[in-house]
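>>> No sequence on hand, only this structure:
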């Protein structure tokens, strides 16, 4: 897929890209992404498709793309999903069309999914940039999980076991960022985005 270009806020040309963010539960991916979106004006957070019904005030196209099982099957058959997985009794996936549309508009598209999904995306779209967010240590990750006071001991043990498996896969990512400090980790992710957005010292037409 050929990236398109758009004018930046400084009047320079900038290319669209897909960045896939992964990392263990509790590592701070959401906090980093929130800070990133405050500091770039051409970012778009990828919206997943799901077979489950909307909850509360969820909005179509903003929170999720809500589809029935027949439509989800059609998306799988037509390679309309970059990745998908069953979650309990429902299915979730990343629609290819919406991502390609935003990349073609010169947007920086960010996707937050697990390692298995990220590797599926990389296979389907090799130009995707994979960024793994890791904790300073497993001990620090456990401290953060306990600090949330939302998980039982069994859940914490399960999350820690999953974290070890995920961290073992970080070498398959293009970049690894240690979240030992939110501001520093955010700066690192922004540097990666800026490097791939490829600002050109060319004035927009």
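Perfect, thanks for sending it. All figures in this text were calculated on a predicted structure; none of them were measured in a lab.

>>> where does residue 151 fall, helix, sheet strand or coil?
Assigned state for residue 151: coil (three-state reduction, DSSP: H, G, I helix; E, B strand; the rest coil).

>>> burial count for the residue nearest to it when sequence neighbours are not counted?
Counting by Cβ to Cβ, 6 or more residues apart in numbering, residue 151 lies nearest to residue 145, which is 6.1 Å off, once chain neighbours are set aside. C-beta: built from backbone N, CA, C; applies to glycine. Taking other Cβ atoms under 10 Å as the neighbour definition, residue 145 ends up with a count of 22.

>>> what's the answer for residue 150, then?
When counting by other Cβ under 10 Å, one arrives at 10 neighbours for residue 150.

>>> ok, it to residue 156 distance?
Taking Cβ to Cβ, to the nearest Å as the criterion, residue 150 is separated from residue 156 by 10 Å.

>>> same thing with residue 106?
Using Cβ to Cβ, we find residue 106 at a distance of 42 Å from residue 156.

>>> Also residue 75?
35 Å.

>>> again with residue 49
31 Å.

>>> in this protein, which segments are predicted with low confidence?
Scanning the chain for pLDDT under 70 picks out 1-12, 199-205.

>>> For it, which segments count as strands?
Assignment of strands within the chain using DSSP state E yields the ranges 5-7, 12-15, 17-22, 43-45, 49-50, 65-66, 81-87, 90-95, 108-112, 129-134, 175-178, 200-203.

>>> can you tell which of the ones you listed is closest to residue 161?
Comparing the strands of the chain by their distance to residue 161 (Cβ to Cβ), the top pick is strand 129-134, with 15.7 Å.

>>> Show me what that closest one pairs with in its sheet, parallel or antiparallel.
Strands flanking strand 129-134 in the sheet, each with its direction: strand 17-22 (parallel), strand 175-178 (parallel) (DSSP bridges).

>>> Need the ones you listed in CSV (columns: mean neighbour count and distance to residue 63).
Formatted as CSV, these follow (neighbours: other Cβ atoms under 10 Å; distance: least, Cβ to Cβ, whole Å):
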stretch, mean neighbour count, distance to residue 63
strand 17-22, 25, 18
strand 175-178, 17, 26
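
>>> Compare those strands and report which one is nearest to residue 117.
Nearest of those to residue 117, taken as Cβ to Cβ: strand 17-22 at 7.9 Å.
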